[in-house]
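Student: Task: produce atomic coordinates for the following.
(chains A, B, C and D)
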There are 2 protein chains.
Amino acid sequence: MATGRNHRPATSRSRGIPEATVARLPLYLRALTALSERSVPTVSSEELASAAGVNSAKLRKDFSYLGSYGTRGVGYDVEYLVYQISRELGLTQDWPVVIVGIGNLGAALANYGGFASRGFRVAALIDADPSLAGKPVAGIPVQHTDELEKIISDNGVSIGVIATPAGAAQQVCDRLVAAGITSILNFAPTVLSVPEGVDVRKVDLSIELQILAFHEQRKAGEEPTGAASEADTAPPAAPPAVAVAKRPPESGSDGDLPAVMPA
Amino acid sequence: MATGRNHRPATSRSRGIPEATVARLPLYLRALTALSERSVPTVSSEELASAAGVNSAKLRKDFSYLGSYGTRGVGYDVEYLVYQISRELGLTQDWPVVIVGIGNLGAALANYGGFASRGFRVAALIDADPSLAGKPVAGIPVQHTDELEKIISDNGVSIGVIATPAGAAQQVCDRLVAAGITSILNFAPTVLSVPEGVDVRKVDLSIELQILAFHEQRKAGEEPTGAASEADTAPPAAPPAVAVAKRPPESGSDGDLPAVMPA
DNA sequence: GTCTGTGAAGGAGTTCACAGCT
DNA sequence: AGCTGTGAACTCCTTCACAGAC
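Tutor: Numbering: from 1, shown residues only, chains lettered A, B, ... in the order given. Okay, the predicted model is just below:
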């Protein structure tokens, strides 16, 4: 999963919904929406689970945290569940969102159909490049960073998306938070530090690939050759302390940006 | 985290590295690379942990799975750790990657600097739109979907990135798998079904926002007003079975695409 | 004295398996 | 008979706290 976690330690006594369950609700919602469009009236936990890519026990347990909206011997009413999950996720209200950093990625996000169809509305696009100002992207004119605070308070925005290069992210984050934003979706490959009470979720494209590479590597070393590479079994058990790096230290600047700032 | 999990049930007896640890290795690697560029020779678990956004106990435990490369009383040698983690993740080798679907998102991915700086190399960009064929994106000419199988086998590609609209994703996935791809990073909002042995990781933009909205909603209903909205406390405890949806069923097609296919 | 490495305790999430309702 | 709802077992992950190496 492409996700950085960052949330209250779940210590609060609240008899709330487990994080893992919350993270799956959007999956269920998507599957249910598809069923709804096909006018399917009810689903069993088995059917819905397979459409959402989970197993049915998990799904039933998840729904039990929401209050158990099914009927034994029958299944779940599709429309009713769509409503309940939407409400639980807060999607029955309108969430204005600002996107900061309108490079390729920012533009992709602005064009993303999945936002509008849920409760999200792109309230503004913001970029530091003055030459972008006024240009429409996905039908919305880009505004300059100078306007950031005004845009946020005028529109009552509480969710911000950061799609800037890594170097600008913390600074943008600070301004968003100061302006009143309390939830941030961060696409820049940086760890953002935020005050208590602000939620950050992270999507990091290269991390996901690295995780895939890890598993891919394992596959390669499994069946085919008996000749395991030196890396496969146990690491050089001796803790070498002052050891030297065996590899050219990957010099050259990292250039670790998500998409591009307009050149 | 924006991540769909999908991996072998971890039942295999292997004394392997826990998934949760693998998912953090890229974070450590990023922080270490930054230290390396500043020529910092060693770090303590505390310092590195805070740079990576985790706590130090977790970090030490994680490293203990790799074989404990630190020195008590001192810390970790930065260069050496960079090497060990890179090796563990399989980044000391070259991973050719194809990106299918060159809309805004595909273009953003092609331009993404974080790939090249790790072991990844964009071997080809593929799109179904003939009018895109030959046009360079991020310096790489887009090729037509017809070439997909040939590209993959010619370049020995084992990792594919799907950035097409949802409707095309499963079909593209099937072709990728048939052509020999064994790891897929999926940006399309669909559950892909793949045969045993193929890894899929999912990044879903709208899911992340929905999770934020959930928490945002909670915040709103916490301190400020004592007047809790009807949604806040317990759900309508009665399991209404045949209940009617209380909300207009969000009609209108979902339009659930990630970025755009070239119009 | 400092900081790592790691057993042991604790907590979160998943799966099992069956009781209970329709 | 069929399918949900859920305690209980189990597995995975995190945190604690301190022994051990420098």
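Student: just checking, what's the longest helix in chain A?
Tutor: helix A:19-37 (DSSP state H).
Student: Briefly note if that helix comes near chain B.
Tutor: Yes. Counting by CB under 8 Å from any CB of the partner chain, chain B is contacted by helix A:19-37 at A:V22, A:A23, A:L25, A:P26, A:L27, A:L29, A:R30, A:A31, A:T33, A:A34, A:S36, A:E37. The way it works is simple: take the backbone N, C-alpha and C, and place the C-beta from them, glycine included.
Student: and those, which are buried?
Tutor: When the residues of helix A:19-37 next to chain B are checked for burial by 16 or more other CB atoms under 10 Å in any protein chain shown, the buried set is A:V22, A:A23, A:L25, A:P26, A:L27, A:L29, A:R30, A:A31, A:T33, A:A34, A:S36.
Student: what about the nearest residue to the second one once chain neighbours are set aside, which helix or strand?
Tutor: The one in question is A:A23. Of all residues not flanking A:A23 in the chain, B:I211 sits nearest, at 6.0 Å (CB to CB, 6 or more residues apart in numbering or on different chains). Per DSSP states H and E: B:I211 is located in helix B:205-220.
Student: do the lengthiest strand in chain A and chain B meet at all?
Tutor: In chain A, assigned by DSSP state E, the strand with the most residues is strand A:120-127. Yes. Strand A:120-127 comes into contact with chain B (CB under 8 Å from any CB), by way of A:F120.
Student: Give me the contacts around that strand.
Tutor: Strand A:120-127 is contacted by residues A:94-102, A:106, A:110, A:115-116, A:133, A:137-138, A:140-145, A:147-148, A:151, A:155, A:157, A:159, A:261-262, B:206, B:209, B:213 when judged by CB atoms under 8 Å, 6 or more residues apart in numbering or on different chains.
Student: Pull out the buried positions in that strand.
Tutor: So, applying 16+ other CB under 10 Å, buried residues of strand A:120-127: A:F120, A:V122, A:A123, A:A124, A:L125, A:I126, A:D127.
Student: Quick one: name whatever helix or strand follows it.
Tutor: Counting by DSSP H and E, what follows strand A:120-127 is strand A:136-137.
Student: Parallel or antiparallel, list what pairs with that following strand.
Tutor: Here strand A:136-137 is paired, per DSSP bridges, with strand A:140-144 (antiparallel).
Student: can I get the CA coordinates of the strand it pairs with in CSV?
Tutor: Coordinates of the C-alpha atoms in strand A:140-144 are reproduced here as CSV (Å, rounded to 0.1, in the frame of the first residue of the first chain):
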residue,chain,number,x,y,z
ILE,A,140,-9.9,25.5,-13.1
PRO,A,141,-7.5,28.5,-13.3
VAL,A,142,-4.2,28.1,-11.4
GLN,A,143,-3.7,30.7,-8.7
HIS,A,144,-0.4,31.9,-7.3
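Student: Taking strand A:120-127 as reference, get the angle to that strand.
Tutor: Relative orientation of strand A:140-144 versus strand A:120-127 (axes from the mean of the first three to the mean of the last three CA atoms, to 10 degrees): 40 degrees.
Student: could you pull out the strands for chain A?
Tutor: A:42-43, A:70-71, A:75-77, A:95-100, A:120-127, A:136-137, A:140-144, A:159-162, A:183-186, A:199-202.
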